[in-house]
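Undergrad: Let me see the structure of the following:
(one chain, ligands or ions: 2)
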Amino acid sequence: MFIKVEEIGPDGLELDEPLPAAEISDGLGDGAVFRPIGDGRASIRAELVGRDVLVRGTVSAKMGAECSRCLSALTERFEVPFTVLFAKRAPEAGAKTEKEGTQGGEDQEGENLFFEGPVVELDGVVRDNLLLSLPMAPTCTPDCRGLCPSCGKNLNGGPCGCPSKRVESPLAAALRAKVSSTAPTVLKGVERGTPKTKKVARPPR
Ligand SMILES: [Zn+2]
Ligand SMILES: [Zn+2]
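TA: Ligands and ions are numbered 1, 2, ... in the order given. Here you go, the predicted structure:
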């Protein structure tokens, strides 16, 4: 995703484009907690602020992961709003060709990015905003009970036979049993340590 600066009119410029799953996977790298489920999407609005370009937008994606407590599969949809100011770098500050001239550098505050040349490249910013919003230890439900440390049973399905100090009312146990018996497994076949997602073959342009 990129913006041609000359196309930003007085009312700004709006773009709405997919964020390919392969690109999200590349950013996640090996051993990531999450993986993309299909393409994400980026919707942005760019405005000129003097010579700079202000970009406001939202990146959204459906992601899958393993619950960090009970290891069951979960899917979550993320919608991450972001705002970035791309400051125009003076041409003499770094003479690059027009094609390479879109690579931004971060300033010291990490908020503003630079661009030079006729194009503002957004891929990195869009993807980073999504990736930085992903929790390190996602859970299937906020109160997931996890696995029994002794026998490994998923305690969301009811208590195991292990001696426990936790006292539970019969009603709560019944409710939990009911919930778990009706809750479908969201995804199967995803193992921990799955090799890096293969790139999706795309037809040549
Ligand atoms: Zn869980
Ligand atoms: Zn147990």
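
Undergrad: Please count neighbours and contacts with C-alpha atoms only from this point.
TA: OK.

Undergrad: Which residues of the protein lie near ligand 1?
TA: With Cα under 5 Å from the ion as the criterion, the chain meets ligand 1 at residues 67, 70, 140, 144.

Undergrad: Quick check: which of those residues are also close to ligand 2?
TA: Among those, no residue is within reach of ligand 2 (Cα under 5 Å from the ion).

Undergrad: Adding secondary structure, pLDDT and neighbour count, write those residues out as a markdown table.
TA: Shown next, in a markdown table, are the residues of the chain next to ligand 1 (DSSP: H, G, I helix; E, B strand; the rest coil; pLDDT from 0 to 100; neighbours: other Cα atoms under 10 Å):
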| residue | secondary structure | pLDDT | neighbour count |
| --- | --- | --- | --- |
| 67 | coil | 97 | 19 |
| 70 | coil | 97 | 19 |
| 140 | coil | 96 | 21 |
| 144 | coil | 97 | 15 |
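
Undergrad: which one of those sits closest to ligand 2?
TA: Distance to ligand 2, by Cα to the ion, is smallest for residue 70 among those, at 12.9 Å.

Undergrad: Just list the residues touching that closest one, thanks.
TA: Contact partners of residue 70, counting by Cα atoms under 8 Å, 6 or more residues apart in numbering, are 139, 140, 144, 145, 146, 147, 154, 155.

Undergrad: Just the buried residues out of these, in PyMOL syntax.
TA: Of those, the buried ones can be selected in PyMOL as follows, counting by 16 or more other Cα atoms under 10 Å:
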select buried, resi 139+140+145+146+147+154+155
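
Undergrad: Nearest to residue 120 among the contacts of residue 70?
TA: Closest to residue 120 out of the contacts of residue 70 is residue 139 (36.7 Å), distances taken as Cα to Cα.

Undergrad: Can you tell me the closest non-neighbouring residue to that closest one?
TA: Distances taken as Cα to Cα, 6 or more residues apart in numbering put residue 67 closest to residue 139, at 4.5 Å, once the chain neighbours are dropped.

Undergrad: Point to the helix or strand of the protein where mean pLDDT is at its lowest.
TA: Least confident helix or strand of the chain, by mean pLDDT, DSSP states H and E, is helix 170-182 with a mean of 69.

Undergrad: Give me the domain ranges for the chain.
TA: Split into domains by automatic domain parsing, the chain comes to 2-132, 145-188.

Undergrad: Just give me the lowest mean pLDDT stretch among the ones you listed.
TA: Per-stretch mean pLDDT for the domains of the chain is lowest at domain 145-188 (a mean of 76).

Undergrad: what's near enough to touch residue 69?
TA: For residue 69, the contacting residues are 139, 144, 145, 146, 147, by Cα under 8 Å, 6+ apart.

Undergrad: quick one, strands of this structure?
TA: 2-4, 13-19, 35-36, 40-49, 52-66, 73-88, 113-115, 119-121 (DSSP state E).

Undergrad: will you turn the ones you listed into CSV that also has distance to residue 129 and mean neighbour count?
TA: Below are the strands of the chain laid out as CSV (distance: least, Cα to Cα, whole Å; neighbours: other Cα atoms under 10 Å):
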stretch, distance to residue 129, mean neighbour count
strand 2-4, 16, 15
strand 13-19, 12, 16
strand 35-36, 14, 22
strand 40-49, 11, 20
strand 52-66, 7, 21
strand 73-88, 7, 18
strand 113-115, 14, 22
strand 119-121, 14, 21
